[in-house]
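In: compute the structure for the input listed below.
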Amino acid sequence: MGASFHTKRVTYKNKVYRFQIWDTAGQEKYAPLARMYYRDAQAILLVYDITSKDSFISLNDWHSELKTKGPGSAVSIVVGNKTDLSESEQVDEDTGRQYAESIGAGFGRTSAKENEGIRELFDQLLVRLQGQLEEETEDNSMIAGSQMRVTIRNDAPNSRKDTEKSGCC
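Out: Modelled structure (predicted):
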C-alpha cells in the first residue's frame, strides 16, 4: 500500500491523546498515493536519516509538496532519525535545526531503534498543537476529543526492517 499505520497514546498535562500515525515511507514509487494519507493530518513529521545526506536533501521536495497539496494548518516537525548510528552521521544537528527553522517547523532527533527522543518528540508535537487542541476541545470538533492524525514522511533510504525498531509506537 505504500504506508503503514500505527497508533500511539501519549499523556500530556493529565490528558490522554491518541495519535493515528501513517508512515508513508517516502519512497518515490509511492509518492502518488501519499496525498490520501496526509490530506487530513494535523501534524507532519518530516523524517530523515542522519547517516544519509540524500535523505535530508529530499526533504525539500516533500516539504514543497506538503505546502502546495497538504493540509495548510498542519504542524510540521523535522526529525533526524538513527542517532544510534552517530558515528556514521552525514547531517549534523545544527544543519537539521537550521533547515527546520527555515521552513517554520519544529526539530528533533531520535533513535527509533533505541527508543531515544521519541517521548520528547511527541511532547514537542503536543506543545506545537496546543492552540489547535484548545480550539477543538472547546467546540468538540476533534474526533473523540483527543485523536490526532499524524503523517510521517520518512526518507530513510536504507531503513532497518520493522523488526529492528523498538521505539516509536
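In: what about the residue nearest to residue 104 when sequence neighbours are not counted, distance to residue 106?
Out: Excluding its sequence neighbours, the residue lying closest to residue 104 (CB to CB, 6 or more residues apart in numbering) is residue 76, at 7.3 Å. To be clear about C-beta, it is placed using only N, CA and C from the backbone, and glycine gets the same treatment. Using CB to CB, to the nearest Å, we find residue 76 at a distance of 7 Å from residue 106.
In: same check, this time on residue 18
Out: 20 Å.
In: neighbour count: these two, which is higher?
Out: Ranked by neighbour count (other CB atoms under 10 Å), residue 18 and residue 106 place residue 106 first, with 19 against 14.
In: next, the nearest residue to residue 109 once chain neighbours are set aside: phi, psi?
Out: Counting by CB to CB, 6+ apart, residue 80 is the residue found nearest to residue 109 once chain neighbours are left out, at 4.4 Å. The phi and psi values for residue 80, taken as degrees, to the nearest 10, are phi -90, psi 120.
In: before we move on, what about residue 18?
Out: phi -110, psi 120.
In: quick check, it in contact with residue 12.
Out: No - when contacts are counted by CB atoms under 8 Å, residue 18 is not listed as touching residue 12 (11.6 Å).
In: same for the helix or strand harbouring residue 54, what does it pack against?
Out: Using DSSP states H and E, residue 54 falls within helix 53-57. Helix 53-57 sits against strand 43-49, helix 93-102, with contacts defined as 3 or more CB pairs under 8 Å, 6 or more residues apart in numbering; DSSP states H and E.
In: and the shortest one, which strands flank it?
Out: Partner strands and pairing direction for strand 43-49 (DSSP bridges) are strand 75-81 (parallel), strand 147-155 (parallel).
In: so for the longest one, what's the average pLDDT?
Out: If you average the pLDDT over strand 147-155, you get 49.
In: appreciated, that's everything.
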